[in-house]
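> Mind folding the following:
(2 chains)
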Amino acid sequence: MVFLSFLRIIKFSFQDIYRNIWLSIVTITILILALFSINLLLAVRVISETAISAVKDKIDVSLYLKPDAADEEIMALKGQVSNLSQVKEVNYISKAQALEFFQEKNKDNPEILQALQELGKNPLTPSLVITPKSAEVANELIGELNKIESDLIESQNFSDNQLLLDKINSLTDKINEIGMIISLIFIFSTLLVVYNAVRVEIYTHREEIGIMRLVGASNSFVHMPFLLSSLIYTLIGTVAAVFIFYPFLSLLQPYLANFFAGYNINVISYFSSNFIKIFGLEFLAVALINALASWMAVRRYSKV
Amino acid sequence: MIKLLNISKIYHPDVAALKDVNLHIKPGEFISIVGQSGTGKTTMVKILTGEERASSGKVLVGGWDITNIGQREVPWLRRQIGVIFQDFKLLPKKNLRENVSFALEVCGNTPTKIGSIVPQVMKIVGLEDKQGRYPHEVSGGEQQRAAIARALVHRPKILLADEPTGNLDSINANEIIELLLRINRFGTTVVLVTHNREVVNKLKRRVITLDNGVIVSDQEVGKYIL
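Numbers count the residues shown, from 1 in each chain, chains lettered A, B, ... in the order given. Next up, the predicted model:
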């Protein structure tokens, strides 16, 4: 009997959607827009996090040493620097390696290579490339390095990545804020649209609802088709959002790959590997919002 | 079967639809409640069907105290009381058989049970040949018969008829009253709410007269006295 009632509730629910087809289409469209904006926001987060981690990885400090420094002295200095609590790793670049890297870097610039050859000797100095444990301790590390008094150190180069990092962080925060506002507007619109859709459905069915109540249909039997309609809207909206969002990501991915050349950034694989988590949670959240809107509309307007 | 004990219904402090009404309707009775428009007849029907709550007093239906009936219990009450109205309340997009079946469908009955009950009630009301017709394809009297059939599907012990002949000509009205009498002979208590003098006088049954929310007359074999 329960199963039979459930089947009838499904039947009535589909009738509701079909009889108010335009309203149903508008409701689903708003849902898709809401989900699209949320997913877009998520994609922006993924991209910005990748960019930030790329910049963070690049933060390092170089200590340029005197060309005639003995290897033992350099190793002692390396050990001293490695012992600092802010240091993740220290790489020693010898004069020969520095020349090798320089030549590799300028392989497409014959004039520089020619000048180097004419010089007849290796003009580069050995160096220690120090990677901090995190971007946040980079400034602290520089302070510690400045305290080291060693005749070996010729000069220091602290790349100013922190500024870039701050700029990216601030840009990401702004994008997140705007995205959050857009998403909230869409979520609120969804709530209103679903509420209104159910209200109109109830108005369309007021005669039927009145007769249902008259002949002793249970309250749940009267209410359930409308709640189910909202769940069907959610399901169709979520599935449609997936089908629209993936082609959008496919269009976006080549541009991202090009822009972040050398970094592993793939938003499609991010969404694919977190598919259930992302779209499942979105379905549950929207279903909850829609069920709430339907429940409010049913309670208020189904007393025909 | 039905007991109203000191029932009052006050909508606004100065508007009382029913005032201290006491009424006892015995099982199997055929009773007419008469009175002019706005005397509280429909309010009484609404209280009996759980659509309204009495402001004070006690309402018993078949021993069940429905004075402060909860929303969840109302459907169970309505399965025990059949109700018909002046405007029939049939769904225009369903044929007569579907209209009657609908009452069983929404209460979770199986297709087998529906298939067994519906033809029986359609036969009782004399619509077995017109089951496939839509409400607009039959007369007002036939629409009211379909509404009666729908009210009977739950085999109610009480049938409330709120102005059932209000939209009918005298021939159809008499046929509907005859049908209600026949249903009453099967043992169903019938409460007829009407202001049709001719119908009431012809019935020669118990008549309750309401005036301004108060019972002014209760005659065992009564007449329309207002």
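
> Quickly find the element holding the spatially closest residue to residue B:89 that is not a sequence neighbour.
Nearest in space to residue B:89, with sequence neighbours left out and distances taken as C-beta to C-beta, 6 or more residues apart in numbering or on different chains, is residue A:211 at 5.7 Å. (C-beta placed from N, C-alpha, C; glycine too.) For residue A:211, the host element (DSSP states H and E) is helix A:206-214.

> circling back to that earlier point, any idea how many residues pack against the residue nearest to residue B:89?
22 (other C-beta atoms under 10 Å in any protein chain shown).

> hmm, back to that, who does the helix or strand that the helix holding residue A:211 is followed by touch, helix- and strand-wise?
Remark: after helix A:206-214, the chain's next helix or strand is helix A:219-259, criterion DSSP H and E. Of the remaining helices and strands, those touching helix A:219-259 by 3 or more C-beta pairs under 8 Å, 6 or more residues apart in numbering or on different chains; DSSP states H and E are helix A:2-19, helix A:21-58, helix A:161-204, helix A:206-214, helix A:267-273, helix A:281-301.

> which non-adjacent residue is nearest residue B:200?
Counting by C-beta to C-beta, 6+ apart, the residue nearest residue B:200 is residue B:224, at 4.4 Å.

> Look at that neighbour and report its pLDDT.
At residue B:224, the model reports a pLDDT of 75.

> Secondary structure element for it, which one?
Applying DSSP H and E, one finds residue B:224 in no helix or strand.

> One more: residue A:99?
Assigned by DSSP H and E, residue A:99 falls within helix A:95-105.

> And for the helix holding residue A:211, what's in contact with it?
Outside of helix A:206-214, the residues within contact range by C-beta atoms under 8 Å, 6 or more residues apart in numbering or on different chains are A:202, A:221-222, A:302, A:304, B:49, B:74-75, B:78, B:83, B:89, B:91, B:102-103, B:106.

> Residue A:52 touches residue A:170, doesn't it?
No. Contact status for residue A:52 versus residue A:170: not in contact, 11.2 Å apart, counting by C-beta atoms under 8 Å.

> Those two - which one has more neighbours?
Comparing residue A:52 with residue A:170 by other C-beta under 10 Å, the one with more neighbours is residue A:52, at 16 against 10.

> Please parse chain B into its domains.
B:1-80+B:156-226, B:88-152 (automatic domain parsing).

> Check what pLDDT residue 163 gets.
No chain specified, so I'll use chain A. 71.

> Chain B was what I was after
For residue B:163, the predicted pLDDT is 92.

> what sits against it?
B:85, B:86, B:193, B:194, B:195.

> possible to save those residues as TSV with distance to residue A:38 and pLDDT?
Converted to TSV, the contacts of residue B:163 look like this (distance: C-beta to C-beta, whole Å; pLDDT from 0 to 100):
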residue	distance to residue A:38	pLDDT
B:85	49	92
B:86	53	91
B:193	57	94
B:194	61	90
B:195	61	85
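
> just for chain B, where's the confidence low?
B:226 (pLDDT under 70).

> Just give me the residue closest to the centre of it.
By C-alpha atoms, centre = their mean, chain B has its centre lying nearest to residue B:160, at 1.6 Å.

> isn't that one right up against residue B:82?
Yes. With contact defined as C-beta under 8 Å, residue B:160 reaches residue B:82; the gap is 7.0 Å.

> Tell me the residues of the stretch 101-250 of chain A that contact chain B?
With the criterion set to C-beta under 8 Å from any C-beta of the partner chain, the stretch 101-250 of chain A comes near chain B through A:207-208, A:210-219, A:221.

> Which pair in the residues you listed has the greatest spatial separation?
Farthest-apart pair in these is A:207 and A:218; separation 18.7 Å (C-beta to C-beta).

> neighbour-wise, which of the two wins?
residue A:218 (19 against 14).

> can you count the residues close to the closest residue to that one other than its chain neighbours?
Distances taken as C-beta to C-beta, 6+ apart place residue B:75 nearest to residue A:218, at 4.8 Å, with adjacent residues excluded. Residues near residue B:75, counting by other C-beta under 10 Å, number 21.

> which residues touch residue B:75?
Residue B:75 neighbours (C-beta under 8 Å, 6+ apart): A:213, A:216, A:217, A:218, A:219, B:107.

> Same question for residue B:74.
Contacts of residue B:74 by C-beta under 8 Å, 6+ apart are A:213, A:219, B:50.

> Pick out whichever of those sits closest to residue B:173.
residue A:213 (27.1 Å).

> quick revisit: please report how far the residue nearest to residue B:89 lies from residue A:205.
Per C-beta to C-beta, to the nearest Å, residue A:211 is found 10 Å from residue A:205.

> what about the residue in the stretch 1-150 of chain A that chain B sits nearest to, neighbour count?
As assessed by C-beta to the nearest C-beta, chain B sits closest to residue A:5 within the stretch 1-150 of chain A, at 4.3 Å. Residue A:5 has 19 neighbouring residues, counting by other C-beta under 10 Å.

> Same question for residue A:229.
Count around residue A:229 with other C-beta under 10 Å applied: 25.

> How about residue B:82?
28.

> just the one 3 residues further on next, same as before
The criterion is other C-beta under 10 Å. On that basis, residue B:85 has 20 neighbouring residues.

> Enumerate the positions of the lengthiest helix in chain B that are buried.
With secondary structure taken from DSSP state H, chain B has its longest helix at helix B:170-185. For helix B:170-185, the neighbour count (16 or more other C-beta atoms under 10 Å in any protein chain shown) marks B:172, B:173, B:174, B:175, B:176, B:177, B:179, B:180, B:183, B:184 as buried.

> now swap in stretch A:246-262 and tell me
Using 16+ other C-beta under 10 Å as the test for burial, stretch A:246-262 gives A:249, A:256.

> Same question for stretch A:178-193.
Quick answer for stretch A:178-193 (16+ other C-beta under 10 Å): A:179, A:182, A:183, A:186, A:187, A:190, A:191, A:193.

> Next: stretch B:96-114.
B:96-109, B:114.

> Much appreciated, bye for now.
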